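1. got a sequence here, can you build the structure:
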Amino acid sequence: LFGGGGSIYVGRHDRPGRFVQGNTPTLHGHQGSILDFEWNPFDDSMLATASEDTTIKIWSIPEEWEPIDARGASKAGANITESMVDLEGHSKKVNLLRYHPSASNVLLSTSSDYTVKIWDVEAAQELSTFDGMQDLCQDIVWDYKGDQYATACKDKAVRFIDARAATVAGKIEEAHGGVKGVKVVYMGESGKVLTTGHSRSSGREVKIWDLKNLEKPLHTEKIDTAAGVLMPLYDVDTNVIYLAGKGDGNIRTCEFEDKAPYFHKLGDGFRSTTA
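-> Residues are numbered from 1 along each chain as shown. Next up, the predicted model:
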């Protein structure tokens, strides 16, 4: 939410309604704006928030939390202002958070100080720091098992980091030629990764890479010439890739196959019919 104190509104999926500023209870405790948040996959009441104030806060949302009533109207209530855990270690604003996919209470963060840190949330301590980036990190993502994570930086490089040793296990020197942001997703346990970005001619594109040979992509798929950054989501159970971009009126669906040509479009995807 806009405003001081780094506020965030938490509501129920099955109870949508209108948020009324000053009446609906919120969660706030940061000194700066909240830049990212992440739910713990092992505890659906635990929320992590990253802020411009250089800190990460871990919150517990009570089971009885009801900001919206059954009619969809705002309910008055007490704000949550006390976090369970504060993680301090970054020297500049914290931009992105990712919980570990298979280890409980392990959190990954990246900051404008050009570092990536792994945290033990339960012990409230830093486990490791990777400081091998020379530019702003635009994306971080764990692999399927959590042994490795990838970073996409403003310098156009994608680095694959050994999570335990905090060292570079592999690197794509230039994932995409354009200056817009690059996003990364691991393709399950196939040993392949997908990146989205812009070409030098500003066209949006998708590339499939083999982690064993990062010299050149296995496949490049041209998408369109829109300006928004493509955000890929991969369903490992169905091998379906969802491509969504800021400002887009549609979500493209594609299928990944672990052999050439690797990438298959599935019709026209989902298109919004509302303005």
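2. how about the residue lying farthest from the centre of the chain, phi and psi?
-> Computed with CA atoms, centre = their mean, the maximum C-alpha offset from the centroid of the chain is found at residue 71, amounting to 32.8 Å. Here the main-chain torsion angles of residue 71 (degrees, to the nearest 10) amount to phi -90, psi 0.
3. pLDDT weak spots in the stretch 151-275 of the chain?
-> For the stretch 151-275 of the chain, applying pLDDT under 70 flags the ranges 273-275.
4. and the strands in it?
-> Under the criterion DSSP state E, counting those that start in this stretch, the stretch 151-275 of the chain contains strands at 158-162, 167-172, 183-186, 192-198, 204-210, 219-224, 230-235, 240-245, 250-256, 263-265, 270-271.
5. mean neighbour count and distance to residue 33 for the ones you listed - can I get that in JSON lines?
-> For the C-beta atoms, the positions are set from N, CA and C on the backbone; glycine is no exception. Formatted as JSON lines, those follow (neighbours: other CB atoms under 10 Å; distance: least, CB to CB, whole Å):
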{"stretch": "strand 158-162", "mean neighbour count": "22", "distance to residue 33": "27"}
{"stretch": "strand 167-172", "mean neighbour count": "16", "distance to residue 33": "31"}
{"stretch": "strand 183-186", "mean neighbour count": "22", "distance to residue 33": "22"}
{"stretch": "strand 192-198", "mean neighbour count": "24", "distance to residue 33": "26"}
{"stretch": "strand 204-210", "mean neighbour count": "22", "distance to residue 33": "28"}
{"stretch": "strand 219-224", "mean neighbour count": "15", "distance to residue 33": "31"}
{"stretch": "strand 230-235", "mean neighbour count": "18", "distance to residue 33": "21"}
{"stretch": "strand 240-245", "mean neighbour count": "19", "distance to residue 33": "23"}
{"stretch": "strand 250-256", "mean neighbour count": "18", "distance to residue 33": "28"}
{"stretch": "strand 263-265", "mean neighbour count": "15", "distance to residue 33": "37"}
{"stretch": "strand 270-271", "mean neighbour count": "12", "distance to residue 33": "31"}
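6. is it possible to get CSV of those strands that adds distance to residue 113?
-> CSV is the format used below for those (distance: least, CB to CB, whole Å):
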stretch, distance to residue 113
strand 158-162, 16
strand 167-172, 18
strand 183-186, 21
strand 192-198, 24
strand 204-210, 28
strand 219-224, 33
strand 230-235, 24
strand 240-245, 28
strand 250-256, 34
strand 263-265, 36
strand 270-271, 38
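7. those strands: which one's closest to residue 124?
-> Of all the strands of the stretch 151-275 of the chain, strand 158-162 sits nearest to residue 124, with 22.6 Å by CB to CB.
8. which secondary structure elements does the closest one contact?
-> strand 148-153, strand 167-172 (3 or more CB pairs under 8 Å, 6 or more residues apart in numbering; DSSP states H and E).
9. between the first one and strand 192-198, how big is the angle?
-> Read it as strand 148-153. Compare the direction of strand 148-153 with that of strand 192-198 by axes from the mean of the first three to the mean of the last three CA atoms, to 10 degrees and you get 10 degrees.
10. list the buried ones in strand 148-153?
-> Across strand 148-153, burial judged by 16 or more other CB atoms under 10 Å covers 148, 149, 150, 151, 152, 153.
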